[in-house]
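Q: Fold the following, please.
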Amino acid sequence: MKILIKNANTPEQGICDIGIEGNAILFVGAGPGDFVADETIDASGCIAIPGLVNAHTHAATTLQRNLADDCAFSQWLFEKVIPFENKLSGEDVYWGTMLAVAEMLRSGTTCFADMYLQPHMGKVAQAVVDTGIRANLCYGPIISAVRGDGQIIDEAGCRAYIDAWNHSANGRIKTYVEIHSLFLYDKEALLGAAALAQSLSLPIHMHLSESVAEQEMIFEKYGKTPAQVCLDLNILDVPVLFAHCVQLNDEDIQLLAAKEVYVAHNPTSNLKLGNGIAPIDKMAKAGITVCLGTDGCASNNNLNLFEEMHLAAILHKGVNKDAQCLSAKDVFEMATLNGAKALGFAQCGRLAPGYKADVVLLDANVPHLCPLGDVTAALAYAAQGADVRDVIVDGQILMRNRELKTVDEEKAMFMARQIRGA
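A: Alright, predicted model coming up:
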């Protein structure tokens, strides 16, 4: 299929046309004279951006939205979240994910990293296939006493999941190995999971240094910071995407920079759970590639990555008393190109020839974007998720004029209410 997007305002090229052929961008600007589109989209008055990348979430926790609020982190996790999750079926997770995809597409996210319940990750993958979104899906090989019977490494299950889903759905799905955190598992289980990731030649996605309580717990057990423990347990022997990294010291930052890890910054979740503010400015200066995530709806309540961009862009200016700390361009790249790299989609995150055709159009003809001025600044400081009008993923139109094409959102909302008993 060939799609022509006409007269779009882009952050890098200004007002121009965008040509899509198959699942890739053919041109940005002047196109070849013989290009004949199957569908033309008039983007006059719209901003065109590469699809946003949510680099850390737990999609089906839409089912826990507004369920466990204003709690301390340990109470939130062990008394609210995990007991609820233990009751979920695979079908529940499927519909929770479908609801999440509807919300993400409506707010411009075209790719997400999901880390959730190991027995039901196949249902998450099926939701990705059914909706046409792009995703990095993590499978946790450790069966934990918290969510199962004892701590063992399910190598066969992990390999089977990866064989079934890695590079599937026309390449829209990639798989990583999940290690939820250091504090849930014993040393032998962590070593086993790290060894499995290395044998599979796959990166790891993991929560790290999210709270003071975690930091203290790990230091009491190992006598080192979580980052240093990851080095000792061979977790850093493969590429790693760490979520949160709120409680890092300067030595930790240098270690993670040397190991070329990716860090997913989740400002709303970190603030709402009272865990603090990650030293993102220090990480970026050290050379760590930082991306953005919403975390799940159990701790954020929404999946709107525009909110995370806005918050990241202003939060660190205030903390550092520096108006030039984390520019609009910096946070926009965190939400697009950096996230794509972190999730293994190197050909996503830009509007450029040869990149995947993940394109979002925002209606700029609204009061809060008038006058528009600098487009990138408008995206970071003024744009809203509700401004999104059209969404294309892998060359397929998934939302047109705010109408979702691949998600029955009414049914997804109905099922979510049924599952919650609300």
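
Q: going forward, measure contacts and count neighbours with C-alpha atoms only.
A: Noted.

Q: For the stretch 101-250 of the chain, just list every one of the helices.
A: 121-131, 155-165, 168-171, 187-200, 212-222, 226-232, 250-258 (DSSP state H, counting those that start in this stretch).

Q: For the shortest one, buried residues please.
A: Right, helix 168-171. Neighbour-count burial for helix 168-171 flags Ala169 (criterion: 16 or more other CA atoms under 10 Å).

Q: now it: mean pLDDT?
A: Averaging pLDDT along helix 168-171 gives 98.

Q: can you check the last one too?
A: Per-residue pLDDT over helix 250-258 has a mean of 98.

Q: how about it: buried residues?
A: For helix 250-258, using 16+ other CA under 10 Å, the buried residues are Asp252, Ile253, Gln254, Leu255, Leu256, Ala257.

Q: OK, contacts around the fifth one?
A: With contacts taken as CA atoms under 8 Å, 6 or more residues apart in numbering, Leu256 has the following neighbours: Ala227, Ile288.

Q: what do you get for the second one?
A: Shown in contact with Ile253 (CA under 8 Å, 6+ apart): Lys282, Met283, Ala286.

Q: what's the answer for the last one, then?
A: Contact criterion CA under 8 Å, 6+ apart gives Met283, Ala286, Gly287, Ile288 as the residues in contact with Ala257.

Q: wait, which of the contacts of Ile253 is closest to Trp76?
A: Met283 (27.8 Å; CA to CA).

Q: That closest one and Ala298, how far apart?
A: Between Met283 and Ala298 the distance is 27 Å, computed by CA to CA, to the nearest Å.

Q: got any ranges where the stretch 1-150 of the chain has weak pLDDT?
A: Scanning the stretch 1-150 of the chain for pLDDT under 70 picks out the ranges 144-150.

Q: Show me the contacts of Ala257 that map onto helices.
A: Applying DSSP state H to the contacts of Ala257, the entries found in helices are Met283, Ala286.

Q: Quick check: Asp17 touching Asn7?
A: Yes. Counting by CA atoms under 8 Å, Asp17 does reach Asn7; the two are 5.4 Å apart.

Q: sorry, back to before: buried ones only from the contacts of Ala257, please, as a PyMOL command.
A: To isolate the buried ones among those in PyMOL, judged by 16+ other CA under 10 Å, type:
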select buried, resi 283+286+287+288
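
Q: how deep is the closest residue to Phe219 other than its chain neighbours tucked in, by neighbour count?
A: Among residues not flanking Phe219 along the chain, Thr225 sits closest, at 5.6 Å (CA to CA, 6 or more residues apart in numbering). Counted by other CA atoms under 10 Å, the residues lying close to Thr225 total 22.

Q: would you put the C-alpha positions of the strand or helix carrying Ile82 in PDB?
A: Under the criterion of DSSP states H and E, Ile82 resides in helix 82-85. In PDB, the C-alpha atoms belonging to helix 82-85 read as follows (Å, rounded to 0.1, in the frame of the first residue of the first chain):
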ATOM      1  CA  ILE A  82       0.300  -8.700  43.400                       C
ATOM      2  CA  PRO A  83      -2.800 -10.000  45.100                       C
ATOM      3  CA  PHE A  84      -4.900  -8.600  42.300                       C
ATOM      4  CA  GLU A  85      -2.600 -10.000  39.600                       C
END
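
Q: hmm, back to that, export the buried residues of helix 250-258 as a markdown table, with columns for distance to Tyr381.
A: Formatted as a markdown table, those follow (distance: CA to CA, whole Å):
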| residue | distance to Tyr381 |
| --- | --- |
| Asp252 | 31 |
| Ile253 | 28 |
| Gln254 | 30 |
| Leu255 | 32 |
| Leu256 | 30 |
| Ala257 | 29 |
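
Q: ok, those residues vs Ile41, which is closest?
A: Ala257 (42.5 Å).

Q: separation between the closest one and Ala169?
A: 33 Å.

Q: same thing with Asn249?
A: From Asn249 to Ala169 the distance is 40 Å (CA to CA).

Q: mind listing what Ala383 touches?
A: Applying CA under 8 Å, 6+ apart, the residues near Ala383 are Phe306, His368, Leu369.

Q: oh sorry, the question was meant for Glu308
A: Asn266, Pro267, Thr268, Leu292, Gly293, Thr294.

Q: can you do 10 Å?
A: Asn54, His265, Asn266, Pro267, Thr268, Ser269, Leu292, Gly293, Thr294, Val331, Ala335, Ala380 (CA atoms under 10 Å, 6 or more residues apart in numbering).

Q: Pull the most distant pair out of these.
A: Ser269 and Ala380 (18.5 Å).

Q: all strands of the stretch 301-422 of the chain, in order?
A: Applying DSSP state E, counting those that start in this stretch to the stretch 301-422 of the chain gives strands spanning 359-363, 388-393, 396-400, 403-404.

Q: Tell me which of those strands lies nearest to Phe35.
A: So among these, strand 396-400 is nearest, using CA to CA, at 17.9 Å.

Q: Only the C-alpha atoms, please, for the closest one, written as PDB.
A: Taking Å, rounded to 0.1, in the frame of the first residue of the first chain, the C-alpha atoms of strand 396-400 are listed here in PDB:
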ATOM      1  CA  GLN A 396      -1.000   0.400   8.200                       C
ATOM      2  CA  ILE A 397      -3.600   3.000   9.200                       C
ATOM      3  CA  LEU A 398      -4.600   2.100  12.700                       C
ATOM      4  CA  MET A 399      -6.500   5.400  13.500                       C
ATOM      5  CA  ARG A 400      -8.100   7.800  11.100                       C
END
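
Q: now for it, which elements pack on it?
A: strand 2-10, helix 90-106, strand 359-363, strand 388-393 (3 or more CA pairs under 10 Å, 6 or more residues apart in numbering; DSSP states H and E).

Q: Now Leu351. Nearest residue, chain neighbours left out?
A: That would be Pro50: by CA to CA, 6+ apart, it lies 5.6 Å from Leu351.

Q: Surely that neighbour touches Ala357?
A: Yes. With contact defined as CA atoms under 10 Å, Pro50 counts as touching Ala357 (8.1 Å).

Q: Which one's more surrounded, those two?
A: More neighbours surround Ala357 than the other of Pro50 and Ala357, with 31 against 28 (other CA under 10 Å).

Q: Can you tell me the closest non-neighbouring residue to that one?
A: Ala24 (4.5 Å).
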